[in-house]
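>>> this is the structure alone, sequence omitted:
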């Protein structure tokens, strides 16, 4: 049994004047429970790292966003009460259930060691033995009073104090009586104190209320709400507290330090949120149900190139007109309870931006109707670069980099899509297989640069000659495939091939040489959406070779070629 376990149950070890101070109680707790989990809270109730000055052994220090996350939801109020009791009395204990093992209750001890370590320490132990519990109880000082009374003369000098004020401020009565109260007031509050006092002196028989920070004997500041009653012209002893001299200023004082600490913590959180809102590279907004803008950070106005405005709708004035209906509908939907994400284009000077807008309805208080909403919150992100990159990737995945036609994979995907659609619309589908004649000779004679130029010219002429909705793809070195949906007859497909052949045969000027390059074109046509795409391409390829052999212009694949085509792989 370690030294920490040999302490008497009455908590006599380490006592000063008959009571154990919180610092000693913490040391005993840590010695008694060497495997305990330990967390720390600052004076505002915010979880912080356990200070290095706390004598930890093999204890496990905890750091999470809030200590409330350590216990099950039903025990969070217990932890809040424990924190308040520790602030008031120095130490407190309570049984709780940890989130990580809700079936096994543990005991948590809160020890206020802000004077020694600047924090309140929480010690989570599997069991808290009777002797340790007695130590914690011994460290619990009597709850200090919150209400006090005093009298002052016209110069604000204390002439009498009750028993409570010395306990609240830590000063002995003789250290208060005969001294001006302003000596205890925080320098930043002294101007307010003087103005309130002068106003009180000008109106005998009245009272004035003020909130001021007063210096505690240990150096900390205590918030007091003081109501001064001017009885300077009233010698009736009944107007003064029993035992106090008559004809004085009577001060009723309430310790509101906890309330002010909560306010300050809230203000600190609000400042932190405001700083975060201005730090993140996103536009943030909050609007009420009527579309009035309650909050918008600077980034929002910069991203949307929007003026400072109280109107939610005006924020999106710089959105392209064609995108206005979409953003207006999204705002209406979000205010109606439906979350919305959309991309809009924004004109910012000479720049066109793409912005991702995320809108979320803001639900009302729990007591409100389930369908009630208090407005919306949203964020706006400039995704111009990512959209540009996405389009470049799509371009690379879809198009041939040399000719800017569809690449092989994209062309065959377009063919399958056209076949699937052909069953839902009248007409048939034609596939034209195009092969440039004499391309190798151009490469060999004039070089690959000239060959590339020839391919680009051929691709451009094909794209200029096909109908709207037709797809032109490069599927090999000098081979192109045209997917032509909505072709009612095979003869119409053949006629389109004649147009393409004539256009391709027009003279071309390459590297100072005037050339005429012809093309062999094979055509396959079907009105059956069940026809395999690979079979159509194979039939058109066969027809192309027949045209190349005959040198007689485009050639139409016969139905035997189609029926003999291999099934799709």
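Nice, thanks for sending it over. Everything numeric here is computed off the predicted structure, so don't read it as measured data. Residues are numbered from 1 along each chain as shown.
>>> would you mark the buried spots in the host helix or strand of residue 267?
Per DSSP states H and E, residue 267 falls inside helix 257-279. Residues of helix 257-279 classed as buried: 257, 260, 277 (neighbour count, 16 or more other CB atoms under 10 Å). Any C-beta I mention is one placed from the backbone N, CA and C, and that applies to glycine too.
>>> what's in contact with the following helix or strand past that helix?
Per DSSP H and E, helix 257-279 leads on to strand 283-287 as the next helix or strand towards the C-terminus. Here strand 283-287 makes contact (CB atoms under 8 Å, 6 or more residues apart in numbering) with 277, 293-297, 299-304, 312, 315, 335, 362, 375-381.
>>> tell me the helix or strand right after strand 283-287.
strand 293-296.
>>> counting contacts, what elements does that next one pack onto?
Strand 293-296 is packed against strand 283-287, with contacts defined by 3 or more CB pairs under 8 Å, 6 or more residues apart in numbering; DSSP states H and E.
>>> same thing but at 10 Å, please
Counting contacts by 3 or more CB pairs under 10 Å, 6 or more residues apart in numbering; DSSP states H and E, strand 293-296 is packed against helix 257-279, strand 283-287, strand 373-382.
>>> buried stuff in whichever helix or strand comes after it?
Going down the chain from strand 293-296, the next helix or strand is helix 298-304, by DSSP H and E. Buried residues in helix 298-304, counted by 16+ other CB under 10 Å: 299, 300, 301, 303, 304.
>>> and the residue of the chain most remote from its centre, how far is that from residue 507?
Distance to the chain centre peaks in the chain at residue 550, reaching 68.7 Å (criterion: CA atoms, centre = their mean). Residue 550 sits 24 Å away from residue 507, going by CB to CB, to the nearest Å.
>>> ok so, going back, check contacts around the residue farthest from the centre of the chain.
Going by CB atoms under 10 Å, 6 or more residues apart in numbering, residue 550 touches residue 520.
>>> averaged pLDDT, stretch 267-276. What do you get?
Here stretch 267-276 scores 74 as its mean pLDDT.
>>> figure out how far it is from the centre of its chain.
A distance of 15 Å separates the centroid of the chain from that of stretch 267-276, by CA atoms, centre = their mean, to the nearest Å.
>>> break this structure into its domains for me.
3-139, 147-260, 280-388, 399-563 (automatic domain parsing).
>>> how far off centre is the shortest one?
So that's domain 280-388. The answer for domain 280-388 is 15 Å, by CA atoms, centre = their mean.
>>> likewise for the first one?
A distance of 34 Å separates the C-alpha centroid of domain 3-139 from that of its chain, computed with CA atoms, centre = their mean.
>>> ditto for stretch 502-520
Distance, centroid of stretch 502-520 to centroid of chain: 60 Å (CA atoms, centre = their mean).
>>> same question, stretch 209-217
40 Å.
>>> in it, what's buried?
210, 211, 212, 213, 214, 215.
>>> same thing with stretch 478-491?
Buried residues in stretch 478-491, counted by 16+ other CB under 10 Å: 478, 479, 480, 481, 482, 483, 484, 485, 486, 487, 490.
>>> just those residues: which are in strands?
Among the buried residues of stretch 478-491, DSSP state E puts 479, 480, 481, 482, 483, 484, 485, 486, 487 in strands.
>>> give me phi/psi at the closest residue in space to the first one that isn't next to it in sequence?
Right, the one you point to is residue 479. Counting by CB to CB, 6 or more residues apart in numbering, residue 479 lies nearest to residue 435, which is 5.2 Å off, once chain neighbours are set aside. For residue 435, the backbone dihedrals (degrees, to the nearest 10) come out as phi -130, psi 130.
>>> the one 10 residues further on now?
With angles defined as degrees, to the nearest 10, residue 445 sits at phi -80, psi -40.
>>> and it, how many neighbours?
When neighbours are defined as other CB atoms under 10 Å, residue 445 has 13 of them.
>>> again with residue 542
20.
>>> circling back: list the contacts of the residue nearest to residue 479.
By CB under 10 Å, 6+ apart, the residues touching residue 435 are 476-480, 519-522, 541, 544-545, 547-548.
>>> how about the residues you listed, which pair is most distant?
477 and 547 (18.3 Å; CB to CB).
>>> higher neighbour count, the two?
Per other CB under 10 Å, whichever of residue 477 and residue 547 has more neighbours is residue 547, with 24 against 12.
>>> quick check: pLDDT value at the residue lying closest to that one once chain neighbours are set aside.
Of all residues not flanking residue 547 in the chain, residue 555 sits nearest, at 3.7 Å (CB to CB, 6+ apart). On pLDDT, residue 555 comes in at 91.
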